[in-house]
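Visitor: Curious how this folds, go ahead:
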Amino acid sequence: MGNLSAQSRAITITALLMFLNIILVIIYRHDEWSLMVISNFFQTFAPLLVTIWLFRRYLTERSHDRNFWLFLAFSHFFYACAMIIWDVYEIFLHTAAPFPSAADIMWILVNAFQLAALLWVIVKNRKSLRIAQILYDVSIIFIVTAFFCWEYILKPAINSNQGTFEKVLSLIYPVSDLLVLFILLCIYYSGTVKEQLQVFWVIFSGIILLLLADTFYFYLETHHAYQTGNPIDLLWTAGILLVGLSSFYGRGEPVLTFEPPKAAENTIGDWTRLIKSPRLMVPYLGVLMLFLLTICQDQVFNSLIIGSVLTLILILLRQVYTLAENKSLLKKLTVLNKDLERTVTERTVELMNKNTLLEKSIKQVEYLAYHDHLTGLPNYRYFSQQLEETLAAAKQRNETVAILFLDLDRFKLINDSFGHSIGDFLLQETAKRLSGCIGDSGIICRQGGDEFLVFLPNTSREKTAKLAKQILHSLQRVTDIKGNELIVTSSIGISLFPEHGEEIDLLLQRADTAMYSAKKALRNRYSFYHSSLSSGTADMLHLERDLRYAIERQEFYLVYQPLIHIDTGAIKGVEALVRWDHPYKGFISPGTFIPVAEETGLIIPMGTWILETACKQWRTWREKGFPPLTIAVNVSINQFMDEQYLEHVRRIIQETGMDPNYLELEITENIPFESSHASHVVQELSQMGIKLSIDDFGTGYSSLQYLKKMPIHTLKIDQSFVRDLPNDSNDASIVQTIISMAKHMHLEVIAEGVESNEQLAFLKNYQCQMAQGYFFSKPLPSRDVEALLNGSTQGGLVPLS
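Guide: Presented below is the predicted three-dimensional model:
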């Protein structure tokens, strides 16, 4: 049963229980005690199981019918309680349950909650139920049933020798059953229950079985002919299980949904088929049965009685025939109405289609007038109109409006290299990402080409900077276009209303100026407009101001570029490089802020922080079990000539636990080695075990005598000499000379900026020991260096052959 659905499992369980019950009743039909135990067991187990089913449906039901299932669950719970009390008396106390007893209270609650469940359906569907229209048919059936009940159940109970209380209690059961029957008839005759709602028919069948069982029981009990184990007990068990089974049908659907009877669908072509309609025939058959029963009971048969019976039958047949004629006429009328409705509908649809096409054409023209056909973004006409209205409102409310001018970097190169279709797709993707970033907070338009405009109403400088960074981050994600993976950056210029102007043209012009400033300084960044944008002094002042707080705000971070042994391909060390992630301006190039730091003297605290951070990182790697690497740190002239420099170096080595034998300080040729201070610093560093290397060798003022006198360990060939190797003969000669000279002076040589296999082959051929550059690896965060050392990087170092 593991592969069966919950509904199939429930049906199987129900069938097995009924089959087992019937088999056991047949086997033990002559053993009254066993028959009583079997009957009580199944009538106790069935409501307990059904209570669980119904309550689980209540918990999982999400429609408005949850209370219906709860009422049914309570009804069967009290049924189980009543049976348990009944079992105690009959099985354990070996006596019949007294009347009245606690079990009777439970059974009254059974009927009460059953009525509550059905009344819930009546109330919920009160607008759909046609009570007034079907009251005649329902009343006929109800009266017939009521008189049957009176004759065979109620009247004997009233005439019994029981006390008043016992009589009232005895009458509650059949009266409540009559009420249940009345409600069921109202539901049945009120309309057409939708066929897909099988749950109704399962519940209907179960309750009818329970009513039949109650009726037989009341009749037998009145004549003192009932005892536990009677075959009617099977009806109770079957009815209970059917009601429980209904909880597995129509999940998520209403219990009952009514549709008014449809003439075309309910029409029966001839009166013989009409006779087969239960809704129509049951009332008349009920009257006929009541009349015949009266005759049989009185046992009076004469010509008048026979004539009355025949006349009644003919009247009923005439009524049925009249109904058939009415339905036939109604069917014809319905067909004619449908033909007319179809014609009207077709004409209406035709007119609506024409109107829809016209409206669609008008909307398309309006759309094209205010939108860019390629990206679907608003065009400049719409943008300028909205911006004009926004600025007017912002002026009255004293609000800030930001205008962003965005230009894609290297778009022309991509467009020319890959074709216009790729370029168009890239513009569409850019529009999507921009829309995702801006959302409802502003208006975007395509200015033309690869330029986009954005305005943000009621904003601030901080919010605008945050959004600009978000845009830059979103646009620089890899874009896969027809198998081509492209990384496209952008430059953003920003102007603010009213700070940078109040006219649209002026604000756009200044945003454009700021954009070109961002593109010129460093691509993939944003820039706010300021009045002295073109002034180098103003830029330096801004950078100086931000640099003074960058260290304490932890805006700097280090990356590490591996130093590779050319012959073995092993990582022998790393060079620590500083980076600045400005909170508002984004990434600022070292080429921009290092000169400002040098000029203002801020390079000294910055250099101290770099050295201390690099030494801490070295110690961390050692604690993680990595082999000791040489770590190279750049030292500026201002640092080197500072009186406190040696003291800073000693303190950092002592506090961090750095092994000085693995520390290499990179200085430039421009340091005045002839000065006593410089000479003293070099000697002290060498005695501490720290290696010194000449960075960018060959680009500054060189004095070869100092190479011989000073304890220099390494020469670093500047990347400007490596860039054009091996094609440029002058560069080749210079590099060959430096390598040869260093070899004779027992100095190590590191070639910087290696980017191709040809450059590597040249250096290897002339026995250059070490190299670094993007051919091997870009500068990496510390965690990525660890990945390289673990050999787990994806696309890390280029293997050496």
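
Visitor: Could I get the buried residue list for stretch 420-431?
Guide: 422, 423, 425, 426, 427, 429, 430, 431 (16 or more other C-beta atoms under 10 Å). For the C-beta atoms, the positions are set from N, CA and C on the backbone; glycine is no exception.

Visitor: Out of those, which is nearest to residue 37?
Guide: For the buried residues of stretch 420-431, the closest approach to residue 37 (C-beta to C-beta) belongs to residue 429, at 77.4 Å.

Visitor: Can you report phi and psi for the residue lying closest to the closest one once chain neighbours are set aside?
Guide: Leaving aside its sequence neighbours, residue 429 sits nearest to residue 479 (C-beta to C-beta, 6 or more residues apart in numbering; 5.5 Å). In terms of degrees, to the nearest 10, the main-chain angles of residue 479 are phi -110, psi 120.

Visitor: go on, residue 402?
Guide: According to degrees, to the nearest 10, residue 402 has phi -110, psi 140.

Visitor: same deal with residue 552?
Guide: According to degrees, to the nearest 10, residue 552 has phi -70, psi -20.

Visitor: residues near the nearest residue to residue 763 once chain neighbours are set aside, how many?
Guide: Of all residues not flanking residue 763 in the chain, residue 751 sits nearest, at 5.1 Å (C-beta to C-beta, 6+ apart). A count of neighbours around residue 751, defined by other C-beta atoms under 10 Å, yields 29.

Visitor: which ones are touching residue 751?
Guide: For residue 751, the contact set (C-beta atoms under 8 Å, 6 or more residues apart in numbering) comprises 716, 717, 722, 735, 759, 763, 768, 770, 771, 772, 773.

Visitor: wait, is the first one part of a helix?
Guide: No: judged by DSSP: H, G, I helix; E, B strand; the rest coil, residue 716 forms no part of a helix; its state is strand.

Visitor: What score does it have for pLDDT?
Guide: At residue 716, the model reports a pLDDT of 89.

Visitor: Same question for the fifth one.
Guide: Here the pLDDT value assigned to residue 759 is 90.

Visitor: host element of it?
Guide: helix 757-765 (DSSP states H and E).

Visitor: Please apply the same query to the fourth one.
Guide: With the criterion set as DSSP H and E, the secondary-structure element containing residue 735 is helix 729-744.

Visitor: Relative to the helix or strand that that helix is followed by, what are the paired strands and their orientations?
Guide: Downstream of helix 729-744, the next assigned helix or strand under DSSP H and E is strand 748-751. Using DSSP bridges, strand 748-751 pairs in its sheet with strand 714-717 (parallel), strand 770-771 (parallel).

Visitor: For residue 11, which of the ones you listed is the nearest?
Guide: strand 770-771 (77.8 Å).

Visitor: residues making contact with that closest one?
Guide: Contact with strand 770-771 is made by 563-566, 572, 714, 748-752, 754, 760, 763, as judged by C-beta under 8 Å, 6+ apart.

Visitor: Tell me which residues touch the nearest residue to residue 559 once chain neighbours are set aside, please.
Guide: Nearest non-adjacent residue to residue 559, counting by C-beta to C-beta, 6+ apart: residue 779, 3.8 Å away. Residues counted as contacts of residue 779 (C-beta under 8 Å, 6+ apart) are 559, 560, 561, 575, 577, 579.

Visitor: Would you confirm that the first one belongs to a strand?
Guide: Yes: the assignment for residue 559 (three-state DSSP) places it in a strand.

Visitor: Let me see the contact set for it.
Guide: 576, 577, 579, 779, 780, 781.

Visitor: Look up which residues are beta-bridged to it.
Guide: residue 577.

Visitor: Below-threshold pLDDT in the stretch 1-150 of the chain: ranges please.
Guide: 1-4, 126-150 (pLDDT under 70).

Visitor: how about the helices in it?
Guide: For the stretch 1-150 of the chain, applying DSSP state H, counting those that start in this stretch gives helices covering 6-27, 32-60, 66-87, 102-124, 131-149.
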